[in-house]
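Novice: give me coordinates for this.
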Amino acid sequence: MNGSGGSCSSLMEVAYDHHHHHGHHDDELHVLAVDDNLIDRKLVEKLLKISSCKVTTAENGIRALEYLGLGDQNQHIDALTNNVMKVNLIITDYCMPGMTGFELLKKVKESSNLKEVPVVIVSSENIPTRVNKCLASGAQMFMQKPLKLADVEKLKCHLMNCRS
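Specialist: Model (predicted):
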């Protein structure tokens, strides 16, 4: 009886150790969250921080591209690629003024430096043609607003598995 109890606790330690090591090894996920709506942006940021991700936010696609080193001004500067390498995931709203999440997705996928970075599109409307268009253009996932912590956890798990 006691033996089984012992193995159980050691199992938990292993799980914890693995998790701990994993977090250390990945140096935590750095997510770029793009949304023109401040409330949505704050929500995503909060959920990601609860999931122990590092978060950078941008209020539109143009700002996101500038941060990623793809702005019109710095097309030819490679100095920014070190910034880029720190972003492991981009979560973007679909409907934004100036540049939609779909356009942002296409720009990221066209960039040789960034095309490996997973892009997740978030939208309050679940329109199948839109979802399919995004996925066909290389989006990692399409999630419906409002995002919940479970969505973020699921996504993070999905990404960690992809990377290992």
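Novice: tell me the centre residue of this structure?
Specialist: By CA atoms, centre = their mean, the mean C-alpha position of the chain lies nearest to residue 89, the distance being 3.1 Å.
Novice: tell me the bridge partners for that one.
Specialist: Beta bridges link residue 89 to residue 31, judged by DSSP bridges.
Novice: quick one: pLDDT of it?
Specialist: Predicted confidence (pLDDT) for residue 89: 95.
Novice: ok, residues contacting stretch 112-123?
Specialist: 35, 44, 68-70, 81, 84, 87-95, 101-102, 104-105, 108-109, 130, 134, 138-145, 147, 155, 159, 162 (CB atoms under 8 Å, 6 or more residues apart in numbering). Glycine gets a C-beta too; all of them are placed from N, C-alpha and C.
Novice: still on that earlier bit, my read is that the residue nearest to the centre of the chain contacts residue 33, right?
Specialist: No: Residue 89 is beyond contact range of residue 33, at 9.1 Å (criterion: CB atoms under 8 Å).
Novice: spatially nearest residue to residue 138 (excluding sequence neighbours)?
Specialist: residue 109 (4.4 Å; CB to CB, 6 or more residues apart in numbering).
Novice: got the buried residues for whatever helix or strand the one you found lives in?
Specialist: Residue 109 is part of helix 101-110 when elements are defined by DSSP states H and E. By 16 or more other CB atoms under 10 Å, the buried positions in helix 101-110 come out as 101, 102, 104, 105, 106, 107, 108.
Novice: and it, what's its mean pLDDT?
Specialist: Mean predicted confidence for helix 101-110 is 97.
Novice: and if you look at stretch 121-139?
Specialist: Mean predicted confidence for stretch 121-139 is 96.
Novice: do you know how far residue 137 is from residue 35?
Specialist: 19 Å (CB to CB, to the nearest Å).
Novice: out of those two, which sits in the more crowded spot?
Specialist: Higher neighbour count among residue 137 and residue 35: residue 35, with 26 against 15, using other CB atoms under 10 Å.
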